[in-house]
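**Student:** what follows is a predicted structure for the sequence shown.
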Amino acid sequence: KGSHTAASVEAEDPYLGKMCRGRLALVRGNIAEAEATLQAAAAEVPQRWEAHAELWMLHATQGDYKRAVLDGRRLVELASAPTAEQGAFGPHVTIDLTSLLRGKV
């Protein structure tokens, strides 16, 4: 059922469909597929933050902190972009870095 729903969402919005497929793969324990799908979503629409956040959590959970830091850096760049065209939310969002890094600072 989840695969059918993700396919339906992807037919309407390819980015959100990839996000659904990536999360579904995570729930099913297919880490490699989840990572590849989330990376494709991030590459397809790099100004959206959701795929970068999912990749950050995935890499941090796996203990791949070097990649998690790169993902987190991209999140901070998106959050601090001066205009909405450069970032998903422009200057209208604030990310508490302590929360973002799960208290690792």
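**Tutor:** Received, thanks. Keep in mind that what you see is a predicted model, and the values were worked out from it rather than measured. Numbering: from 1, shown residues only.

**Student:** sketch out the low-pLDDT regions of the chain for me.
**Tutor:** 1-3, 6, 82-105 (pLDDT under 70).

**Student:** can you give me the helices in it?
**Tutor:** 2-12, 14-27, 31-44, 50-61, 65-79, 97-100 (DSSP state H).

**Student:** could you give the angle of the third one to helix 2-12?
**Tutor:** Helix 31-44 and helix 2-12 meet at an angle of 10 degrees, taking axes from the mean of the first three to the mean of the last three CA atoms, to 10 degrees as the criterion.

**Student:** for helix 31-44, which helices and strands make contact with it?
**Tutor:** Counting by 3 or more CB pairs under 8 Å, 6 or more residues apart in numbering; DSSP states H and E, the packing neighbours recorded for helix 31-44 are helix 14-27, helix 50-61. C-beta here means a position set from N, CA and C on the backbone, and glycine is covered the same way.

**Student:** okay, buried residues for the first one please.
**Tutor:** Read that as helix 14-27. For helix 14-27, a neighbour-count test (16 or more other CB atoms under 10 Å) marks 15-26 as buried.
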